[in-house]
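S.K.: A structural model of the following input is requested.
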Amino acid sequence: MKKVFIPSYGGGHANIMKLLYHELKNKFDVEILALTLADDVYTKANIPHKTIKDYLSIFTEEDQKNILDHGQELAKTEYNPQSSMQYEDCVVYLGMGMVDLIRQLQSFEKAEAEFKEKGRKAFCPFNAAKRILQHVQPDIVVVSVNVRFEAAVGIAANQLGIPVVYIQDCPIALPMPFKADVCVMNEYTRKLYIEANIEEAKNIHLTGQPIFDLVDQNTDNITEIKKQLSLDRFNKLVVYLETPDNEDTLIIEEFLKEEAIKNTDTMYVMKLHPNMDISNDPDIILNNLIRIQNVALLPLLANADIAITRNSTSGLEACFMDVDLIVVNLNEKPLNLDYSTLGIAIKANTIKELRDSLSMLFHCEITKQELKNNRKLFKIVPHATKNITRIIELLSN
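M.R.: All right, here's what the predicted structure looks like:
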């Protein structure tokens, strides 16, 4: 059997690959490298995988020592014991990134300064990735993000002449640090890539996106969430899709608390990103305001009337589930993905605008219909896992 290598971060990226794995496993030898929080996703899904520490032994003794030394030093401030990431993996991940960054910049001082400025975003350890690929010897590589370790694997695969498939999880066309065949979710995104004329995009395939094959949820899951949150007691459900390191979060949470106090017939749910800290149990703030994390997103959105986010990819999932969306950007910093510019969301740059947007979506049918009409333009290609598997089969031959 041909071999597929999949490096995968957590959150939506791991969920994409989790779905793809079940289609690939009968046709390929699949090796998954679960990065950071992805380990927890694959473990819960009973999907065989490795973590970064499993590859430490393939490096030279000197490199192993340097990786552990730098990793342990960085882990003193970077490791979060509340996260699902194991300490040993955190050490190796950080150490591997730092050793590679030192090698690339040919200076520890420059690498240290780069890390202080950018954090983990400074890492693109393509030398380490190349060593891993030489050990794994895959026939093809599949990634779903073009930064950090996944980008490093793409770059290393190019150097070794291994084909790369990049599953674009958003309706955007960004410059790529490696050459790859790109799988896009809909015709809108395909046109974006064509217009952007990105040289690294060798071919653009209209395949759909595996996550959105799940939009038609099992009704039992939808009903279970409804029961769990006692949604029958409320007329409306508003879901705030939080993202890590968002300076607006505390202000928006306080606003939602005020709204919940005034509107007792509406349920407000603050859904945390997997990278954010929370206990496994819901944080009940008011009878109609809770903060949750480990609850399936799609069944939650299936019950929602309005979703609020800054730029979480979950906002796109809300769109595909025909849920009205509000983009909030109080600090007005540039967004990588602004759904309001796509016509599928209302933009709010102030709390007053956020309040007005909620009111508009509750009461203005014209606005709701405009958003609904625009959402139709983003129709997703069905059967994504089968379509992507077909591309992988063609490229691996």
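
S.K.: sec struct for residue 192, please.
M.R.: When classified by DSSP: H, G, I helix; E, B strand; the rest coil, residue 192 comes out as helix.

S.K.: so where's the chain shaky on pLDDT?
M.R.: Under the criterion pLDDT under 70, the flagged ranges of the chain are 214-220, 277-282.

S.K.: just the strands in it please.
M.R.: 3-8, 29-34, 50-51, 140-143, 164-167, 180-184, 201-206, 236-241, 266-271, 283-286, 289-292, 306-309, 324-328, 346-348 (DSSP state E).

S.K.: adding distance to residue 93 and mean neighbour count, write those strands out as TSV.
M.R.: For the C-beta atoms, the positions are set from N, CA and C on the backbone; glycine is no exception. Listed next are those as TSV, based on distance: least, C-beta to C-beta, whole Å; neighbours: other C-beta atoms under 10 Å:
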stretch	distance to residue 93	mean neighbour count
strand 3-8	11	25
strand 29-34	11	21
strand 50-51	9	18
strand 140-143	16	28
strand 164-167	21	26
strand 180-184	23	25
strand 201-206	28	17
strand 236-241	26	23
strand 266-271	26	23
strand 283-286	29	13
strand 289-292	28	20
strand 306-309	27	26
strand 324-328	32	25
strand 346-348	36	20
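
S.K.: now the ones you listed in TSV, with distance to residue 334?
M.R.: Shown next, in TSV, are the strands of the chain (distance: least, C-beta to C-beta, whole Å):
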stretch	distance to residue 334
strand 3-8	27
strand 29-34	31
strand 50-51	34
strand 140-143	25
strand 164-167	23
strand 180-184	23
strand 201-206	23
strand 236-241	19
strand 266-271	24
strand 283-286	31
strand 289-292	28
strand 306-309	16
strand 324-328	13
strand 346-348	13
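
S.K.: among these, which is nearest residue 122?
M.R.: Minimum separation from residue 122 across the strands of the chain (C-beta to C-beta) falls at strand 3-8, 18.0 Å.

S.K.: give me the residues contacting the closest one.
M.R.: Contact with strand 3-8 is made by 14, 16-17, 20-21, 24, 28-35, 38, 129, 133, 136-144, 149-150, 153, 392, 396, as judged by C-beta atoms under 8 Å, 6 or more residues apart in numbering.

S.K.: also stretch 368-385?
M.R.: Counting contacts by C-beta under 8 Å, 6+ apart, the residues outside stretch 368-385 that touch it are 19-20, 22-23, 171, 183, 185-188, 206-210, 212-213, 215, 319-320, 322, 324-325, 342-346, 361, 387.

S.K.: swap in stretch 202-216?
M.R.: 12, 15-16, 19-20, 167-169, 179-187, 190, 193-194, 298, 317, 320-321, 380-385, 387-388, 391.

S.K.: straight-line length of stretch 322-332, end to end?
M.R.: End-to-end distance of stretch 322-332 (C-alpha to C-alpha, to the nearest Å): 26 Å.

S.K.: distance from that stretch to the middle of the chain?
M.R.: Once both centres are worked out by C-alpha atoms, centre = their mean, to the nearest Å, stretch 322-332 turns out to sit 18 Å from its chain's centre.

S.K.: quick thing: my sequence starts at 32, can you match it?
M.R.: Will do, 32 is the new start, and the previous item becomes stretch 353-363.

S.K.: run through who's touching that stretch.
M.R.: Outside stretch 353-363, the residues that touch it by C-beta under 8 Å, 6+ apart are 278-279, 282-283, 332, 335-342, 346, 349-350, 366, 369-371, 375-382, 385, 388-389, 392, 399, 402-403, 406.

S.K.: for stretch 268-282, same thing?
M.R.: Residues outside stretch 268-282 that contact it (C-beta under 8 Å, 6+ apart): 260, 262, 283-284, 287, 290, 297-304, 306-307, 331-332, 334-343, 345-346, 349, 359-362, 382, 389.
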